[in-house]
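# the following block contains a protein sequence and its predicted model.
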Amino acid sequence: MKPTGAEPEKWDFIFYLYLFFIAAVFGWLWEGCLYFFKDDGYVNRGFLTGPWLPIYGAGAVMLEILFHRWRDRTFLTFLSSMLLCTVLEYLAGWYLELTWGVKWWDYSQMNWNLHGRICFASSLLFGLGGAFLVCVAAPLLHSLYRRISMKIRIWVILTILVIFMTDAAYSAIIPHMGRGITYY
């Protein structure tokens, strides 16, 4: 079966790399804006130095792969995204605290939170974001992506991958620990 224009080819790994980086940069911008207003100044919320939060990229790719078949079922996509991203955020928070001894976020002051790692308000945002990503953004991005020649797609993604891997290696040696992070 040949894929339609609104559905990414399952074999096109490069599209998922682009989606990963676009969502990772969006997450970095999103959190940067949130904390800019909360803390009255810029805060790089990531553990990497560069302008990306890989958890957003990984979440976007995961949602697109799992839920793209539900593009026409927005409410189901919303609920599924809300549940899956909330579980992912809880597990990521637990893992970061366990391995690094650092709490990158804390929802303890929010209503309906669980161990400060998740809260209902962020879960709702995950659902809205996931539904928007799967039902609107991913099909639009894929449409734009298909207009770029394969040669350019590959050169651009290779360049981004080299920069990202350099940042990851540097950050593994000298971790970025921004303000707003609770150390144990």
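Happy to help now that I have it. Please read these numbers as outputs of a predicted model, since none were measured by experiment.
# name the helix or strand of this structure that has the lowest mean pLDDT.
strand 182-183 (a mean of 44; mean pLDDT, DSSP states H and E).
# got the contact list for the spatially most central residue of the chain?
Among the residues of the chain, the one closest to the centroid is Tyr56, at 0.7 Å (C-alpha atoms, centre = their mean). The contact partners of Tyr56, by C-beta atoms under 8 Å, 6 or more residues apart in numbering, come to Ala23, Ala24, Phe26, Gly27, Trp28, Trp30. Every residue, glycine included, has its C-beta placed from N, CA and C.
# in helices only, show me these.
Taking DSSP state H, the ones among the contacts of Tyr56 that sit in helices are Ala23, Ala24, Phe26, Gly27, Trp28, Trp30.
# look at the second one and say how many residues are nearby.
It refers to Ala24. By the criterion of other C-beta atoms under 10 Å, Ala24 has 25 neighbours.
# the third one now?
Using other C-beta under 10 Å, the number of residues around Phe26 comes to 18.
# which helix or strand contains the closest residue to it other than its chain neighbours?
Nearest non-adjacent residue to Phe26, counting by C-beta to C-beta, 6 or more residues apart in numbering: Tyr56, 6.4 Å away. Taking DSSP states H and E as the definition, one finds Tyr56 inside helix 54-67.
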